[in-house]
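Enquirer: Fold the following.
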Amino acid sequence: MSPALPVEIVSLLAPEEKILWHGQPRPSVFMVRGLPNLAYGVTWSVLGAFWYHGSGGIGQYSAFEGWWRLVPLLSLPFILTGFSFFFYPIRLAARARHTWYLVTNRRICIAEWHKNKTPQFRIFSASEMGPPQIVKRIDGLYDVILTLRAQNNPHLKPGLDSGFFGLEDGEAAAGAVNVALNP
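Expert: Sure thing, here's the model as predicted:
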């Protein structure tokens, strides 16, 4: 069973709202989803480094005179953008540590909670949901796809707001979703 829900999330539930199931994703699942961004990071960083080197740098051997010597500095946004792509998987893993999946008798939602902030809920509406689709991952964890948009496009990777990802017991989550949808 997942660790207890934070009090801030429980306090936002209605008095007669009962929790049927809750869980947290494994951070490694979110991190793996961000790994393709490393290719973009390498591309942007190499482009910036190539620009800097090609313009001669800032030293006394610069190809530019006067205020044109600032031209090599225009490569810095490319290099910094590349580094932001490198850190994207780490930011996703940190986001997973603050994400809770929640199924109650009234709603199915994803809650993101950060200290000293009000939790943000992504509530699934009945019109956007289909029957929960359970996908067993190669690492033994489960994904539960909830939105029809993600279920009808199997060739596209579903977004992190399309369901519950990286769960140890996907059957329990899908069972709770079915109970919430069919009271």
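Enquirer: alpha carbons only for contacts and neighbour counts from here, please
Expert: Will do.
Enquirer: Can you list the buried residues in the helix or strand bottoming out on mean pLDDT in the chain?
Expert: Sorted by mean pLDDT, DSSP states H and E, the helices and strands of the chain end with helix 7-10, the least confident at a mean of 84. Residues Ile9 are the ones in helix 7-10 that count as buried (16 or more other CA atoms under 10 Å).
Enquirer: partners of the longest strand belonging to the chain, with directions?
Expert: Counting by DSSP state E, the longest strand found in the chain is strand 129-136. Here strand 129-136 is paired, per DSSP bridges, with strand 142-147 (antiparallel).
Enquirer: mean confidence for the partner strand?
Expert: Mean pLDDT, strand 142-147: 91.
Enquirer: quick one: contacts of the helix or strand just after that strand?
Expert: Next helix or strand after strand 142-147 toward the C-terminus (DSSP states H and E): helix 148-151. Here helix 148-151 makes contact (CA atoms under 8 Å, 6 or more residues apart in numbering) with Glu128, Met129, Gly130, Gln133, Ile145, Leu156, Lys157, Pro158, Gly159, Ser162.
Enquirer: what are the ranges of the helices in this protein?
Expert: In the chain, the helices defined using DSSP state H lie at 7-10, 27-34, 37-54, 76-97, 148-151, 170-181.
Enquirer: How is the protein divided into domains?
Expert: 7-29+94-181, 37-90 (automatic domain parsing).
Enquirer: what's the span of the longest one, first residue to last?
Expert: Using CA to CA, to the nearest Å, the end-to-end distance of domain 7-29+94-181 comes out at 25 Å.
Enquirer: about what we covered before: worst average pLDDT in the domains of the chain?
Expert: domain 37-90 (a mean of 81).
Enquirer: how far out from the middle of the chain is it?
Expert: How far domain 37-90 lies from its chain's middle: 28 Å, per CA atoms, centre = their mean, to the nearest Å.
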